[in-house]
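A.B. asks: What would the 3D arrangement of this be:
(3 chains)
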Amino acid sequence: MTSKTSTLPAVRPARPAGSRLTNVRSLAFILGALAIFAVGVFLTRAVENPFFFFASYIIIQYVALATGWNVLGGYAGYINFGAAAFYGVGAYTGALLLKAFDAPVLLCLPVAAAVGGVLGLLMGYMTLRVQGVYFAIATIALVVMAHTLVLNTDYLGGASGLALMPPEAPAWAGGQVQFLFLVMLGTAIFAVAVARWIEVSWVGRGFRALRASEEAAECAGVPTFRLKLAACAISGAILSMTGAPLVFYASFIEPETVFGLALALNAIAMPLIGGKKSWPGPVIGAILLGTVQQGATITISSELNILLVGVVLIAVVAVAPDGILGLLDRFKKGNRA
Amino acid sequence: MTISRRKFVQLASTAGLAVAAPAVWTQGQAQSRPLRVGASFSLTGPLSATKAGLVGLQIWRDDVNAAGGLLGRQVELVTYDDQSTVAQIPSIYSKLVDIDKVDVLISPYGAVLSAPVMPFIKQRGRFMVGMFALAGNDGVKSDRYFHSAPWGPDAKVNWARGFFEIGKANGCKRIAILNADVEFAKVSAAGGKAAAKELGQEVVFEQSYPPNTSDFSAILRNLRAATPDAVFVCSYPPDSSALVRGLSEVGVGDSVKLFGGGMVGPQYAANLQALGPALNGIVNFNLFVPEPTMVTPQVTSFLERYTAIAVPEKLDPLGFYIPPFYYVAGQLIAQAVKGAGSTDSAAMAAYLHANPTPTLVGNAQFNEMGDWTERRVLMTQFQGIKGNDIEQFRQPGRQVILDPSALKSGDLIQPFMKARAA
Amino acid sequence: MFADQFINAIGTGVMLGSIYAALALGLAVTFGLLHIPNIAHPAFVIAGAYVVAMGNSYGLDPLLVALLALAPFYVAGLGFYEFYARVFERRGSADTMNALTLFFGVSLVLETLLLMRFGTNQQSVSVGYVGQSLTIGLLSLPYRLLVPALLAPVMVAALWLYLRHTHTGIAVRAVAHDERALSVSGIDPRWIKRHAFGIAAATAVVAGAALIIIGPVDPFGGRLQIGRAFAVVVLAGMGSIPGTIAAGILIGVSEALVSAFASPSWAPAVAFSILLATLALRPQGLFGARR
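C.D. replies: Next up is the predicted model:
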């Protein structure tokens, strides 16, 4: 484990130049993010076919999900099997607000984020003494408990689920699904921005120290426990936020889907395929796997498709353990040498 | 002016052709384009046992195409795999409608997967045949939605009413209700409670349990202590099986006359085969059983063709429960398209509302919600099951129809523990 | 009435708990001793159940089939570890997350192969004793649960004796602690690990027999067991083989008591509440050594 410490980026010697570079890059990132959102708005005007937005919503949702997961799993190195717990709690928060107050989706997002953040903190406290696979197992427990809680809550529909009619989308959006597409795009951009901010700030350095060795970080005076809580809370908030618009998208919500194993595993597989060390990794992984899975519903022999997903996962682990970005890095280094 | 007879014929036909040409041309165009029927199937995931329905739909497609198609167009199926999850449904149905431009929609399997499609078809004004979605249309109330399954009107409360009516006829006053924590079972249990109240029966025991419960001894002991006359059970395949085992192991007491009602599982060949004689005495719902009061040459031939396809594909070899109703869905579509003379949703819906439609399982007539006006959910009792041979379930007299009275094919054996011993 | 309920809840809980232990035993070896988080183990168990069902369709007793299949499963386990080792150990350390993903991929592949080979129908076995119970006073024990429940103690005892008293057994226990010391003493640690993995895979077919005697099994049934199996291993304490029985029974009895006296709907949360409490209060588990 200690050998990994060396992979920590050394403190940049030329600090002012470095920070100017960081500023330029941040500006570029912000402009890029705005441009992508603008393209999204343009698409709602330009693309007639609603299917585009239905399908894109799912893929963009995966981008947000993978990014949220990666904050805790990739940066801080805590494997979270419980992405479904946060996503589900977010989705049910959205449903609850819609049912009780007819709340608009834009209000549901921050509330779900807050709930997810608190849940993340709780999870951090509960698992304060455990790491590695133990932590992963504790997060499975969280999914089962949240699932059981929803099943036993009649107001949320329990096992039968809850069919709700979302309020009309604002007129400027051009339709419900177009509007939700933009909401999800905004959520994903926000998630990626948070992830990127973490990466370039002191928080990210702290997370990386946690990942390398919690004991060593502790000795070096890094506030490990507080950082762990922060990672849990931020990741939880993003995951929950991603779930919140679901009920607006599907007009229906039921526990088997939101607490399902498939979702949790997607959230892990996507950053892994893309590369979990930096923010583009989860984004690439989510777009790739999300698109493939949308495609997997299409052909008749679905068993073969699922088999293929399994084989691809194995192959990625065997061939590209640091994901596609890792593979690219290796390739670049190889060329240089 | 003299025109020869020959010349006249020539002229007339030319003029006629000129007038008719656009019609012929469009018809030719239409004939080249197949009539597409779109549906989502759960080919993978927990609901994948329901994919046997696809075979039923394919048999219908072959039949209708062999007879020249619909409106002179060949029928083509467009199907996707929803992986048994709700999240896939909105984009699949948008794809069917917006990209594949299917002419007619069939719903996904069951109420949970159908729920996200309902607002969509209401908003787009699309005609759709619902598959096994109990009370699937009660929320959005589309007038272009039709159930292929004969759940009957006000299905939430009444679909299993037959069970309680048999109970009433046999003097059952105290009812126990047991349900799995899954959608269909939960809705059914709530409905059963309401139905029991309407019939003046008292609910003395109510218990829900998590799906995949493998041991029911504690629940059955609690239930026995309540001394019910009838036990209404809403379960899913894995727990149905464990529950039936529990009946043999722990028993339910001598007070019980009637046991079953809403158990999903003993409709599938795999469960029937595994449980065999342990099923004797249970009264449970079915939509089709091969009793003399129900069997027609048409159904028999359908099931023979189904079995020939299903066995090599390792699907349910009996196919009593789901496949016939996908064939029925096809028949409803065919009638509606023929009746309307087009694939216009409003015209198709209007036709089905106005005209009773002959199907594989009898005449279907629909109310304004697309429910069959007449409930045809069977309550059948397992009788004389011996050993674990699956073929015996093709014989009459194994699943005797007790309700509805029009299809009755035998009498209830009770009390329950005696019926099991018999 | 209360006594009847209570005694039988305990009886059922003990039997179920023992079956949980059987399911978790393979994981107790791979994860507990070797620290390899094999989430594909439940899929192995399901595969074992299918093998048992196949043998049973020729009229063989499930337990006999399981016994016959021990050797093939052991060999399959060896092969599987070899594959795992080639992917990971070569690189030095096994990144937990990559390992988890690999095993998830493996379980997807296994499930799908079962689905393609056997179809979506549930598989089951027919044995004479299913449907009958052993009655002792107030207590009644269905053979459907009792027979599988007896498998776990037998397997655990055999495994424990083996790990305590044989040379290779001790090496298996040592390999996770100090690989280098082991190589110095002339034993190839990779061989030991492979051997341990084979043993774990062999327990899967017995657990599969237990599962399919209880009730029908479908290809995706393993997913339900993943969480509980890990809970048993962690609760027992990593690497404590006899502990799995105690941990399984503790979970089984708690679930049965909640089912009988509170509400069965809350039973699934029981195992995990116990697990969370353990992780928070005693992370080394009931019988584990302090780490």
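A.B. asks: Let's test this: what are the backbone torsions at residue B:150?
C.D. replies: phi -80, psi 60 (degrees, to the nearest 10).
A.B. asks: Find the residue closest to it in space, skipping its chain neighbours.
C.D. replies: Once flanking residues are discounted, residue B:150 sits nearest to residue B:376: 3.6 Å by C-beta to C-beta, 6 or more residues apart in numbering or on different chains. C-beta coordinates here come from the backbone N, C-alpha and C atoms, glycine included.
A.B. asks: Now do that neighbour against residue B:406, distance only.
C.D. replies: Distance, residue B:376 to residue B:406, using C-beta to C-beta, to the nearest Å: 9 Å.
A.B. asks: quick one, which of these two is more surrounded?
C.D. replies: Neighbours were counted for residue B:376 and for residue B:406 using other C-beta atoms under 10 Å in any protein chain shown; residue B:376 has more, 20 against 10.
A.B. asks: residues contacting the residue nearest to residue B:150?
C.D. replies: B:150, B:152, B:287, B:361, B:362, B:404, B:407 (C-beta atoms under 8 Å, 6 or more residues apart in numbering or on different chains).
A.B. asks: got it, and residue A:165?
C.D. replies: A:251, B:119.
A.B. asks: anything in stretch A:221-237 sitting right up against chain C?
C.D. replies: No: judged by C-beta under 8 Å from any C-beta of the partner chain, stretch A:221-237 and chain C are separated, with a smallest distance of 14.1 Å.
A.B. asks: CA-only coordinates of that stretch, as CSV, when you get a sec.
C.D. replies: C-alpha atoms of stretch A:221-237 as CSV (Å, rounded to 0.1, in the frame of the first residue of the first chain):
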residue,chain,number,x,y,z
GLY,A,221,-1.7,15.6,10.1
VAL,A,222,-4.4,15.3,7.5
PRO,A,223,-7.8,15.5,9.1
THR,A,224,-8.7,12.1,7.8
PHE,A,225,-12.0,11.6,9.6
ARG,A,226,-13.4,15.0,8.6
LEU,A,227,-12.2,14.4,5.0
LYS,A,228,-13.9,11.0,5.0
LEU,A,229,-17.1,12.6,6.2
ALA,A,230,-16.9,15.3,3.6
ALA,A,231,-16.3,12.7,0.8
CYS,A,232,-19.3,10.7,2.0
ALA,A,233,-21.5,13.8,2.2
ILE,A,234,-20.6,15.3,-1.2
SER,A,235,-20.8,11.9,-3.0
GLY,A,236,-24.2,11.2,-1.2
ALA,A,237,-25.5,14.6,-2.1
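A.B. asks: Name the secondary structure element that contains residue B:46.
C.D. replies: Using DSSP states H and E, residue B:46 maps to neither a helix nor a strand.
A.B. asks: Now it: closest residue in space that isn't a chain neighbour?
C.D. replies: Excluding its sequence neighbours, the residue lying closest to residue B:46 (C-beta to C-beta, 6+ apart) is residue B:84, at 5.1 Å.
A.B. asks: what about the residue nearest to residue A:206 when sequence neighbours are not counted, distance to chain C?
C.D. replies: Nearest residue to residue A:206, sequence neighbours excluded (C-beta to C-beta, 6+ apart): residue A:227, at 4.5 Å. The gap separating residue A:227 from chain C is 19 Å, by C-beta to the nearest C-beta, to the nearest Å.
A.B. asks: How many neighbouring residues does residue A:227 have?
C.D. replies: 21.
A.B. asks: Using the three-state scheme, assign it.
C.D. replies: Put simply, residue A:227 is helix when judged by DSSP: H, G, I helix; E, B strand; the rest coil.
A.B. asks: pretty sure residue B:400 contacts residue B:384?
C.D. replies: No: with contact defined as C-beta atoms under 8 Å, residue B:400 does not reach residue B:384; the gap is 9.0 Å.
A.B. asks: who has more neighbours, those two?
C.D. replies: Neighbour totals were compared for residue B:400 and residue B:384, and residue B:400 leads with 22 against 13 (other C-beta under 10 Å).
A.B. asks: per-residue confidence for the closest residue to that one other than its chain neighbours?
C.D. replies: Sequence neighbours aside, residue B:410 is the residue nearest to residue B:400 in space, at 3.3 Å (criterion: C-beta to C-beta, 6+ apart). As predicted, residue B:410 sits at a pLDDT of 92.
A.B. asks: what's the burial count for the spatially closest residue to residue B:401 that is not a sequence neighbour?
C.D. replies: Setting aside the residues directly before and after it, residue B:401 is nearest to residue B:409 in space (C-beta to C-beta, 6+ apart), at 4.4 Å. A count of nearby residues for residue B:409, using other C-beta under 10 Å, gives 17.
A.B. asks: Correct me if wrong: residue B:409 contacts residue B:295.
C.D. replies: No: the pair residue B:409 and residue B:295 fails to qualify as a contact (C-beta under 8 Å) at a distance of 10.0 Å.
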